[in-house]
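[1] give the three-dimensional model of this entry:
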Amino acid sequence: MVLSLSVLAFFSGIVFVQQFSTLLSPISLVGVALAGLVCVILKYFKISWFLGGIIWATMFAQMILDDRLIDDLQGKEFLIEGEIIGLPQANSRRTRFDFEVTRSAIQLPEKIRLSWYYPKQRLQIGQRWRFFVKLKAPHGSLNAGGFDYEKWLFSQHIGATGYIRQADNARLLASNFSLSVVRQQLIELLSQQQISRDSLALVKALALGYKSEISREQWRVLSHSGTNHLMAISGLHIGLVAGFIYFLARWCWLRLPMNRWFAPNIAMSAALVSALGYAFLAGFAIPTQRALIMLIVVSITLFLKRHSRPLDVLLLALGLIVLLNPLAVLSSGLYLSFAAVAVIMYSVSARLRRASKLSSFLKIQAIIGLSLLPILLLFFQSVSLIAPLANLLAVPVVSFIVVPLSLLAVSLLSLLPECSALLLVIVDEVLTLLWTYLSYLVELPFAYITLPKPDTISLILAILGMLLLLAPRGIPMRYLAVFLLAPLFLTTQQRPLVGEMWLTLLDVGQGLSVVIETAEHQLVFDTGAKFSEQFDMGNAVLVPFLKSRHIEKVDTLIISHADNDHIGGAESLLAVMPVDTILSSVPEKLPNAKLCKVGMSWYWDGVKFEMLSPTSQSFFDNENDNSCVLKVSSQYGSVLLTGDIEAAAEQTLVASMPDKLAADVLIASHHGSKTSSSEPFLAAVQPEIILIPADSPNRFHFPHKVVLERYQAMAAKYYVTGEKGALAIKFNNEILQVKSYREEQRAYWHK
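    Numbers count the residues shown, from 1 in each chain. Reported below is the predicted structural model:
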């Protein structure tokens, strides 16, 4: 019990640091260390462990922050040498990989993430290269409900991102051999197999931990069915491999004529070696590392023949994980995996009646699905209601058929290719049948639900309610669990009142996407860019934001024009969310779309929407100038959305309708380009606030210096999404105020 409480205190100290917007200064850290020493002297050991967690997490994080690219070096070219250390991920346009810098003229981060556009030769892990790169400090878009790319880069110890310059001058210096090279070769051999593309992507994920080829539709089915955990090579798969090897080695060892060593020890050693080999084969990802540490802790207790409580073993594994890598607490997988194991331990302890294996399995699936609900809502705001039913079939099929056959097939790829091909055909058939079952389940009504992110009090009450609900029979007042869980489901998302409107300019990098909400309606203006078949801003930013706001339908989607940074995410939005009306200057690019044109207007909940451009008579040769221009007016203020119009369209608007252009808020034309935001146009609009959708930094150098000087000359306040993250304004009876998501949610790893 003492060890368990100490580990929890140490873990809590590490988690506590992750709530900081800035790390403790060296002087403050010395103060914490002195306080910890005093606690040790006074024998307040739990407090000293908590303070120790704060010190360790702060020092570890500061070490990584110190290895980031400094601002003065951004956008400059450097000649560097180093080695490809991450498995390259390639698509039709580029290959992305992690690179360890070993030589450069100036001090650069040790680990960087690079993109090579249209490389002329195959890039492979272990290759040593000399080439020119242009780098920037870790940076990513920040939006409610979206993926925090900066946090991911920080947790991966990546100090800069960039791309290859002067590709013709790049030189391959050498190729080093490692187990990772074998892994890449196996992935390439698998790619040549004649099975379905979808099954092949899943086999690569399950056998080799390579998940880059899993399609967006596959992830949707996995997520909505609650089976996406099967794609992470973690405790389940590592345990299966180790368990199989353990029993096989033990059976063989006991049948040898002479064996002087204890059979379970030999079997456990073989199991550990096999698990370690599987982990390296799968890329030694963080979930795999967690599973290995847990297995090692269990193995040590068996070797020492020590009787240990399962909870102590679990918490010891947790302590070792955060001791080796404090940043593991930034991963939702850590909480889900340990919570699942802890819940299983809790739900089966103190039970006298023994159930059959089938009923026990069904019970565990139901318990896991129910008990993880608060954590899933905290991290993802959605829960699969069919997860127990989906896992009932998926877990045994994947664990006892797909994974063993896939591993066997991979091991025989070079030795017995015909046998390997036959095994993969069997796996393909099994996965196809399983996928049919999962696809059917996710299309059922109420297959999954989305709820607002729970607040701290609701989360604590829900966890207490789960503990009470899963307590053994006979515990008094278990019915109170219903009341403790209720706030989790009764939390409602705040909405605008009639006459109000809420505007959010999303941070989609160098692109545009705006969401406007009224009391009963919502409008989306542009959807950001599409970068590949696997990634676009609609799927990565817009849809997660709408779900975080608990928006299940878009009343009107407006695509200002056909440039990729405005229309690229539309397909993803239309694929997952119903849209009543689509307006665009290029209606032929979208299904069932209508042409946006001057004169269109409508009212929602006391808010007026009016299209100011384009006219059907004056289309411009420049596609940017044909952008839909929308003015939204409420009794509390107005906003003008201009797409990418430039000086010609601005001049036409000033000449044709100067009285309609005035607005309190302006979404800067063409991301702050010097070809837009002309002085006559700004004089007609007279905005108090200007929101600029532009990445920071970007290769176009938007917003342009000349444009910013115009904004300053008219005393308008301006904000850039690349610097501030998503920008939100509530048009209500209060003073107009811009809220920056980056500032509100700032963490110490953010720029």
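[2] with adjacent residues omitted, what lies nearest to the residue positioned nearest the centre of the chain?
    Per C-alpha atoms, centre = their mean, the C-alpha nearest to the average position across the chain is that of residue 147, at 3.8 Å. Leaving aside its chain neighbours, residue 147 sits nearest to residue 540 (6.3 Å; criterion: C-beta to C-beta, 6 or more residues apart in numbering). Quick note: C-beta positions are derived from backbone N, CA and C, even for glycine.
[3] contact partners for residue 117?
    93, 94, 163, 164, 167 (C-beta atoms under 8 Å, 6 or more residues apart in numbering).
[4] ramachandran coordinates for the residue nearest to residue 147?
    phi -90, psi -30 (degrees, to the nearest 10).
[5] just list whatever residues bridge to residue 727.
    Residue 727 has these beta-bridge partners by DSSP bridges: residue 505, residue 740.
[6] just the buried ones from the contacts of residue 117?
    94, 163, 164 (16 or more other C-beta atoms under 10 Å).
[7] what's the neighbour count on residue 21?
    10 (other C-beta atoms under 10 Å).
[8] do residue 65 as well
    For residue 65, using other C-beta under 10 Å, the count is 13.
[9] I figured it hits residue 23, correct?
    Yes. Using C-beta atoms under 8 Å, residue 65 is in contact with residue 23, at 7.3 Å.
[10] which residues do these two both contact?
    Joint contacts of residue 65 and residue 23 (C-beta under 8 Å, 6+ apart) are residue 748.
[11] return the residues in contact with residue 198.
    215, 218, 431, 435.
[12] to clarify, my last question referred to residue 567.
    Taking C-beta under 8 Å, 6+ apart, one finds 526, 527, 559, 561, 584, 586, 589, 590 in contact with residue 567.
[13] now, of these, which are buried?
    Buried among the contacts of residue 567 (16+ other C-beta under 10 Å): 526, 527, 559, 561, 584, 586, 590.
[14] so which of the buried ones among the contacts of residue 117 is the closest to residue 228?
    residue 94 (26.2 Å; C-beta to C-beta).
[15] what pLDDT is listed against that closest one?
    In this prediction, residue 94 carries a pLDDT score of 90.
[16] same question, the one 3 residues further on
    The predicted local confidence for residue 97 comes out at a pLDDT of 95.
[17] so where's the chain shaky on pLDDT?
    Regions of the chain meeting the criterion pLDDT under 70 cover residues 1-2, 232-236, 258-260, 305-308, 348-362, 365, 616-618.
[18] give me the phi and psi for residue 593.
    The phi/psi pair for residue 593 (degrees, to the nearest 10) is phi -90, psi 150.
[19] right, I mislabeled it, should have said residue 685
    Dihedral angles (degrees, to the nearest 10) for residue 685: phi -80, psi -40.
[20] what's the closest non-adjacent residue to it?
    residue 661 (5.0 Å).
[21] what about the one you found, how many residues close to it?
    23.
[22] for residue 619, same thing?
    By other C-beta under 10 Å, neighbour count at residue 619 equals 12.
[23] do the same with residue 735
    Using other C-beta under 10 Å: residue 735 sits among 7 other residues.
[24] assign it to helix, strand or coil.
    coil (DSSP: H, G, I helix; E, B strand; the rest coil).
[25] for residue 668, see how far away it is.
    Using C-beta to C-beta, to the nearest Å, we find residue 735 at a distance of 22 Å from residue 668.
[26] with residue 187 instead?
    From residue 187 to residue 668 the distance is 45 Å (C-beta to C-beta).
[27] thanks a lot, catch you later.
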